[in-house]
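In: Any chance you can model this:
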Amino acid sequence: MKFQLRKYAIGDSCLCWSLGDVISNELSEMILAIYGVIREQQQAGELTFLDVVPSYNALAIHYDPVDDSLSDLEKKIDGIVDRLLAEGTGNNAAQVATHKLPTIYNGDDLGSVAEKNGLTVEQVIELHQKVHYRVAMVGFLPHFPYLIGLDPKLVTPRLDSPRTKIPAGAVAIGGAQTGVYPSESPGGWNIIGLTLPSLLEPINPGDIVIFEKVDKL
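Out: This next block holds a predicted model:
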């Protein structure tokens, strides 16, 4: 995949490195590899900044605007980005954790997801839980994991009219994405099941998430 590197500022305390305008496994893998290296160097004291936040196709570095070492930080990040783009992700991926989420597949939209995709409910459940999903980013709500790797057979448009209240722990599909609502909130994704929202708290970008069908939580 050819990446389209672009760097830009967001206000006076954030720099962004973008690699494209699409959602793809290859792009997300590269972003997460860069994220992992930056986090490792931060933890080793080689880089100093406030926070690093990945998205599907970009990486944001939040820094103290009064820090006079911004130029040096920017050069070091440029070097990491350029090196990984030249070398590929290879062995640069950070150490990640695997999280198993017990899930009751009884969501209000499970039947309609099956119908819209020409599948049985059992096939939807099987396809959804067989994947080891990568956490592309965490956002929207604290601890909401955006998961990449959904089987194309399960791609389902968001609801025409979003719900005003989705329960905490709802497992849902929105377009080509799947995720879990960590707290009660409005939302327009298709609810297919329920898991324990407390299990989302230790999940970080780059981690692996596995859904396991259970009869009770």
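
In: If we ignore the residues flanking it in sequence, what's nearest Leu200?
Out: The spatially closest residue to Leu200, leaving aside those adjacent along the chain, is His143, at 4.3 Å (Cβ to Cβ, 6 or more residues apart in numbering). Backbone N, C-alpha and C define where each C-beta goes, glycine included.

In: So that neighbour, which state does it fall into?
Out: Assigned by DSSP: H, G, I helix; E, B strand; the rest coil, the conformation of His143 is coil.

In: Show me the strands in the chain, by range?
Out: Taking DSSP state E, the strands of the chain run over residues 6-9, 14-18, 51-54, 58-62, 98-103, 133-138, 145-148, 163-166, 170-174, 177-180, 185-187, 190-194, 208-213.

In: Low-confidence stretches in this structure?
Out: Applying pLDDT under 70 to the chain picks out residues 90-95.

In: per the record, what domains does it have?
Out: In terms of domains, the chain is parsed into 6-87, 98-213 (source: automatic domain parsing).

In: Of these, flag the one that's most buried.
Out: The highest average neighbour count among the domains of the chain, using mean count of other Cβ atoms under 10 Å, belongs to domain 98-213 at a mean of 18.

In: start to end distance for that domain?
Out: Chord length of domain 98-213, first to last residue, is 16 Å (Cα to Cα, to the nearest Å).

In: now it, how far from the chain's geometric center?
Out: In terms of Cα atoms, centre = their mean, to the nearest Å, the centre of domain 98-213 is set 12 Å apart from its chain centre.
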